[in-house]
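Asker: Below is the sequence, then the predicted model.
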Amino acid sequence: MMDRSKVTTERRNGRTADIDTRSALGIVDAINAEDALVPAAVAREREQIAAAIEIIVERFRRGGRLIYVGAGTSGRLGVLDASECPPTFGVPRTMVQGIIAGGRRALVRSAEGLEDIAADGAAEIDRKRVCERDAVCGIAACGLTPFVRGAVRRARQRGAATLFVTCSPEVRRLVQADVVICPEVGPEALTGSTRMKAGTATKLVLNTLTTGAMIRLGKVYENLMVDLRATNVKLRDRAERIVTEVTGLSRPAARALLTKARGEAKAAIVMHERGVSYREARRLLKAADGLLRTVIDPPAREG
């Protein structure tokens, strides 16, 4: 195992060596200056992120899953991203999943000691019955976490596609995965506190992975979340606004149409644009692999 003192995420940051002497405003400025480095670091990994999206989409189309694996902050970010996919894109909760070392309790309480056992990570992959249809994404800021590396190793053995997100360029060549995404954000403002820049970079990457994959799957029309699940007042309001935006209907008419469409914005739009029943709208969408643009745009109606 590599000497952790040589890893970027563990090195001291010369720009913040005097942060403990600064005023509150000085501390804010120092942290903000470091955070400003993150977007460019993520942008430099654009090709790797795009490659990962294509892998995820291919696995989804085969009926597979995306499974994040992490520990501590990395694990929490994976679970968070997974939990936000069903309400945002209307997908089953099993489609994107998150595994964190220590399980559910580790989401709210520190359980860092549980990240040191590679066999536990492998066991979680076995428990999920990971197969060749799945994609497993390891997340480890330092790139060395045994739990995560054990999980990714086992996923490869089981035939899954493997991705890895880290912020330590020294580790990149040591990671055995189909795609390694490594935004180089540099040492943290507080030495080793990877919940800061590394955490922010990881969140940006995960946001892009799932959002990009869902767009490619047709869960988005233009830049509207047409497959969202209207499960509360805010989301019902958003669904109405989406239907109004696309169809030009009034809010009351959009609301009535959504009722007929069982709350499904995408089906409601097809019902209005094609003048069909809910059942026919669902059939048309299924035939078009869920791509709303294919169903309602003029070229789709010619002939």
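Answerer: Received it, and whenever you're ready, just let me know what you need. Residues are numbered from 1 along each chain as shown.
Asker: now the helices for the stretch 201-303 of the chain?
Answerer: With DSSP state H, counting those that start in this stretch as the criterion, the stretch 201-303 of the chain has helices at 233-247, 251-260, 265-274, 278-287, 292-296, 298-301.
Asker: mind putting those helices in CSV, mean neighbour count and distance to E184 included?
Answerer: For glycine as for every other residue, the C-beta is placed from the backbone atoms N, C-alpha and C. Listed next are the helices of the stretch 201-303 of the chain as CSV, based on neighbours: other CB atoms under 10 Å; distance: least, CB to CB, whole Å:
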stretch, mean neighbour count, distance to E184
helix 233-247, 17, 37
helix 251-260, 16, 46
helix 265-274, 24, 39
helix 278-287, 16, 42
helix 292-296, 20, 37
helix 298-301, 10, 44
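Asker: who wins for proximity to L77 among those helices?
Answerer: helix 233-247 (23.0 Å; CB to CB).
Asker: for P183, helix, strand, or coil?
Answerer: Using DSSP: H, G, I helix; E, B strand; the rest coil, the structure places P183 in coil.
Asker: can you put the helices of the stretch 201-303 of the chain in JSON lines and add mean pLDDT and distance to I27?
Answerer: Converted to JSON lines, those look like this (pLDDT from 0 to 100; distance: least, CB to CB, whole Å):
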{"stretch": "helix 233-247", "mean pLDDT": "94", "distance to I27": "35"}
{"stretch": "helix 251-260", "mean pLDDT": "95", "distance to I27": "46"}
{"stretch": "helix 265-274", "mean pLDDT": "96", "distance to I27": "44"}
{"stretch": "helix 278-287", "mean pLDDT": "96", "distance to I27": "52"}
{"stretch": "helix 292-296", "mean pLDDT": "94", "distance to I27": "47"}
{"stretch": "helix 298-301", "mean pLDDT": "51", "distance to I27": "56"}
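Asker: Quick one: closest of the ones you listed to G138.
Answerer: It is, among the helices of the stretch 201-303 of the chain and with distance given as CB to CB, helix 233-247, at 31.7 Å.
Asker: how big is the angle separating that closest one from helix 265-274?
Answerer: 30 degrees (axes from the mean of the first three to the mean of the last three CA atoms, to 10 degrees).
Asker: Which strands and helices lie in contact with helix 233-247?
Answerer: helix 251-260, helix 265-274 (3 or more CB pairs under 8 Å, 6 or more residues apart in numbering; DSSP states H and E).
Asker: And for it, what's in contact with it?
Answerer: 87, 221-222, 224-226, 228-230, 249-251, 254-255, 257-258, 263, 265, 268-269, 272-273 (CB atoms under 8 Å, 6 or more residues apart in numbering).
Asker: picking up where we left off before, any chance of the helices of the stretch 201-303 of the chain in JSON lines, plus distance to L190?
Answerer: Below are those laid out as JSON lines (distance: least, CB to CB, whole Å):
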{"stretch": "helix 233-247", "distance to L190": "35"}
{"stretch": "helix 251-260", "distance to L190": "48"}
{"stretch": "helix 265-274", "distance to L190": "44"}
{"stretch": "helix 278-287", "distance to L190": "49"}
{"stretch": "helix 292-296", "distance to L190": "46"}
{"stretch": "helix 298-301", "distance to L190": "54"}
